[in-house]
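Undergrad: sharing a model that was predicted from the sequence below.
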Amino acid sequence: MNNLIASTAIKARQLTEEEIHEIEHEKTHYPYTQAVGLEALKIVQKYQGWVSDESLLAVSEYLDIAPDELEGVATFFNMIFRRPVGKNVILLCDSVACWMLGCDNLKQHISNTLGIDYGETTKDGLFTLIPVPCLGACDKAPVMMVGRETYTNLSTNKIDQIIAHIRDGSPVELDN
Amino acid sequence: MATDKPLTKNIEIGRAPFNFKQYEAAGGYESVRKVVTMAPGDVVNLVKDAGLGGRGGAGFNTGLKWSFVPAPDGGPRYLVINGDEMEPGTFKDRLLIEHDPHLLIEGMITTCFALQAQTGYIFLRGEYTVCEERLLTAIKEAYDNGMLGKNILGSGFDLDIYLHTSAGRYICGEETALINALEGKRANPRAKPPFPQVSGLWGRPTVVNNVETICNIPGIVNNGVKWYQGLGLGDFVGTRISGVSGRVKNPGCWEVPVGITFRQLLEDYAGGMQDGYELKAFLPGGGSTDFLMPEHLDLPMDPGAVQKAGSRLGTSLIMVLDDKTCPVGCIRNLIKFFAHESCGWCTPCRDGLPWTEQMLNKLEDGTGSLKDIEILKEMTGYMGIGNTFCALAPGAMEPLQSGLKYFIDEFEAHVEYGCSYSRQ
Ligand SMILES: Cc1cc2nc3c(=O)[nH]c(=O)nc-3n(C[C@H](O)[C@H](O)[C@H](O)COP(=O)(O)O)c2cc1C
Ligand code: SF4
Ligand code: FES
């Protein structure tokens, strides 16, 4: 489970100014810096796409939290990516309401269309597919998120449209 | 001019939520003006007398819970809003926050005054990005208009509210795990006692309440106990957000009087089953509640009544199992979720849930045995209440144990024929 920093040769990278600025802002919300650990990892992930060993060490040094303690937090949360992911992370809900309404078929469709299974990234680095527990939109199942956007009442047709829009960089507009 | 829909009166799906001005014009923040003239203890008693039960699942009397907070000693005290909403089949807090974020903030201010807490955190599920944006805007507006910050309305009361967004882990919804997460630790639950009201966030008095619970507070403060109690049917008190998912004509959630029956919710609100599907069973309040059967449809949606029938009202968002969906497959899906979300702290849950999942996989694949069904039954005991460190594993056992009771024929048929339901 603990995949961290097998080599002592890995060094912390420099946090960017934006990252530091946002982490400092979060610090004002809590009386102790340890509380900012997860927020800092999320900030780093927002800018870097994922949390590399170098990033984790950087946050650890910046907030003075032991690396293995911070790794314990990083690996605990589903949405902290400790491996590289594609530019667009597709989170497909596989919980009960979505399962009843056919998310297994949608998973198959996405896998066939993009040539990736759960946990994999397309060769062009554009998409990663990950299952996610109930997204709290069960009345509009099946549901998925891509990045920060939530898409509901999915069909294979709708998924094709979403993927096509993301591929050609146009805003996602859906016919149905 | 008291409304009978205090939680959703400002909600209109499809239009943007009220900004501060619109919200105030609609009677918003009235409870803050009122509460600062009251003694904090009187507010606690008012909520206790109203009989509001927590909406996070357990249903404990909210005012009573508040009354366990010790008298102020000059040190920090906290209110933490539980907006982690990850229980499969639950989608009510999303509605409240997305469509009326100021109601939650008003409820928090009023509650913090009652508790004499000077800091409030909203612990929000990270995937709720629209909620996040709307809350940040609403919090800023509340500061800009003097409802948050120093010396609110000249009362001498100070309050800061911060939004914390999580990163996806169901156990964070358990209130002591949530406190650990907020402190920046791995979110394993803590032993109780001490209860958070006495020693919670950073060892200080802390109340953790669900989003919907706190959205009830402004109405109670403004309109009083009698009004609140009159909202329910018969002897039941208040309203709550209830809803339906699964193969019904009109899935969704609505504010309903407490005490309506499951049948009313299912037929009058959700439009009944989709054509070609029949109701086989339903989970009354999320993935960690026991199945109920069609013969239970005329029960009132009240925690006590549902408990008598052998289940829990939980989050009061019901999920219907139709006759064309495999009950074993449905339970397997739920167990897979709980196995994935186990925090790993105690052995029965960490090891027992994946093992349970494997046996259900075997049954679905047609390689299971009658012995596996026996072991599944034993599992519901090993992971029952009192045998694990927190309520996650016992919750996971609820759909399984009731499934084994109501659908034992189908479990046994899986041994002989595998799963005979067509995959949609
Ligand atoms: C595994 C687990 C998950 C929970 N998830 C949530 C949740 O997402 N939201 C919530 O309000 N309560 C959740 N609860 C219940 C909380 O522990 C707590 O009882 C509740 O937040 C108290 O608020 P209330 O008194 O207003 O209901 C969960 C409990 C357990 C055991
Ligand atoms: S029951 Fe499960 S979730 Fe709860 S403490 Fe034990 S391992 Fe963690
Ligand atoms: S089960 Fe998919 S959104 Fe709830």
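TA: Arrived safely, thanks for sending. Ligands and ions are numbered 1, 2, ... in the order given.
Undergrad: tell me how far the closest residue to ligand 1 within the stretch 151-300 of chain B lies from residue B:43.
TA: Relative to ligand 1, the nearest point of the stretch 151-300 of chain B is residue B:173 (2.1 Å; C-beta to the nearest ligand atom). From N, CA and C alone the C-beta is placed, and that goes for glycine too. As for residue B:173, its distance to residue B:43 is 26 Å (criterion: C-beta to C-beta, to the nearest Å).
Undergrad: the more surrounded of these two?
TA: Between residue B:173 and residue B:43, residue B:173 has the larger neighbour count (other C-beta atoms under 10 Å in any protein chain shown), namely 26 against 23.
Undergrad: ok, the more buried one - contacts?
TA: Applying C-beta atoms under 8 Å, 6 or more residues apart in numbering or on different chains to residue B:173 gives the contacts B:56, B:82, B:84-87.
Undergrad: spell out which residues of chain B are next to ligand 1.
TA: B:54-58, B:60, B:62, B:65, B:82, B:84-87, B:170-171, B:173-175, B:208-210, B:213, B:390-392 (C-beta under 6 Å from any ligand atom).
Undergrad: the residue located most distally from the centre of chain A and residue B:71: what is the separation?
TA: In chain A, residue A:31 marks the outermost C-alpha relative to the chain mean, sitting 27.7 Å out by C-alpha atoms, centre = their mean. Note on residue A:31: its distance to residue B:71, by C-beta to C-beta, is 22 Å.
Undergrad: what about residue A:108, how many neighbours?
TA: Around residue A:108 there are 12 other residues, counting by other C-beta under 10 Å.
Undergrad: what is the helix or strand containing it packed up against?
TA: Following DSSP states H and E, one finds residue A:108 within helix A:103-114. Applying 3 or more C-beta pairs under 8 Å, 6 or more residues apart in numbering or on different chains; DSSP states H and E, one finds that helix A:103-114 contacts strand A:88-93, strand A:127-132, helix A:156-167.
Undergrad: anything in the longest one near chain B?
TA: No. Interface with chain B: helix A:156-167 contributes nothing (C-beta under 8 Å from any C-beta of the partner chain), its closest point being 12.8 Å away.
Undergrad: quick one, that helix and helix A:103-114 angle?
TA: Angle, helix A:156-167 to helix A:103-114, by axes from the mean of the first three to the mean of the last three C-alpha atoms, to 10 degrees: 40 degrees.
Undergrad: only C-alpha atoms, please: export helix A:156-167 in CSV.
TA: Backbone C-alpha positions of helix A:156-167 (Å, rounded to 0.1, in the frame of the first residue of the first chain) are rendered in CSV as follows:
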residue,chain,number,x,y,z
THR,A,156,-24.2,5.8,-24.7
ASN,A,157,-25.2,8.5,-27.1
LYS,A,158,-24.8,11.2,-24.5
ILE,A,159,-21.4,9.9,-23.5
ASP,A,160,-20.3,9.9,-27.2
GLN,A,161,-21.3,13.6,-27.4
ILE,A,162,-19.4,14.5,-24.2
ILE,A,163,-16.2,12.7,-25.3
ALA,A,164,-16.4,14.3,-28.8
HIS,A,165,-16.8,17.8,-27.3
ILE,A,166,-13.9,17.3,-24.9
ARG,A,167,-11.7,15.9,-27.7
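Undergrad: which regions of the chain sit below the pLDDT cut-off?
TA: Looking at chain A here, since you left the chain open. A:1-6, A:176 (pLDDT under 70).
Undergrad: oops, chain B please
TA: Scanning chain B for pLDDT under 70 picks out B:1, B:422-424.
Undergrad: residue closest to the middle of it?
TA: Chain B, centroid-nearest residue using C-alpha atoms, centre = their mean: residue B:56 at 3.1 Å.
Undergrad: contacts only, for that one.
TA: By C-beta under 8 Å, 6+ apart, the residues touching residue B:56 are B:82, B:173, B:175, B:209-210, B:213, B:315.
Undergrad: can you give me the neighbour number for the residue lying closest to residue A:80 once chain neighbours are set aside?
TA: Nearest residue to residue A:80, sequence neighbours excluded (C-beta to C-beta, 6 or more residues apart in numbering or on different chains): residue A:74, at 4.8 Å. By other C-beta under 10 Å, 24 other residues sit near residue A:74.
Undergrad: near ligand 3, which residues of chain B show up?
TA: Counting by C-beta under 6 Å from any ligand atom, chain B comes close to ligand 3 at residue B:88.
Undergrad: can you do 8 Å?
TA: Contacts of chain B with ligand 3, taken as C-beta under 8 Å from any ligand atom, map to B:88-91, B:245.
Undergrad: just put the residues you listed in CSV and tack on neighbour count, secondary structure and distance to ligand 2.
TA: Formatted as CSV, the residues of chain B next to ligand 3 follow (neighbours: other C-beta atoms under 10 Å in any protein chain shown; DSSP: H, G, I helix; E, B strand; the rest coil; distance: C-beta to the nearest ligand atom, whole Å):
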residue, neighbour count, secondary structure, distance to ligand 2
B:88, 29, coil, 15
B:89, 29, coil, 19
B:90, 28, coil, 17
B:91, 26, coil, 22
B:245, 29, strand, 24
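Undergrad: what's next to stretch A:163-176, contact-wise?
TA: Stretch A:163-176 is contacted from outside by A:88, A:110, A:113-114, A:126-127, A:146, A:149, A:151, A:155, A:157-158, A:161-162, using C-beta under 8 Å, 6+ apart.
Undergrad: and that stretch, what's buried?
TA: Using 16 or more other C-beta atoms under 10 Å in any protein chain shown as the test for burial, stretch A:163-176 gives A:163, A:166.
Undergrad: ok, stretch B:150-168 next?
TA: Residues of stretch B:150-168 classed as buried: B:152, B:157, B:159-161, B:163-168 (neighbour count, 16+ other C-beta under 10 Å).
Undergrad: what is the neighbour count of residue 36?
TA: The chain I'm using is chain A. As a burial measure, residue A:36 scores 23 neighbours (other C-beta under 10 Å).
Undergrad: the intended chain is chain B.
TA: Residues within reach of residue B:36, counting by other C-beta under 10 Å, total 17.
Undergrad: so it makes contact with residue B:155?
TA: Yes. With contact defined as C-beta atoms under 8 Å, residue B:36 and residue B:155 form a contacting pair (3.8 Å).
Undergrad: the residues of chain B next to ligand 3: which ones sit near chain A?
TA: Checking the residues of chain B next to ligand 3 against chain A (C-beta under 8 Å from any C-beta), the matches are B:88-91, B:245.
Undergrad: no further queries at this time; thank you.
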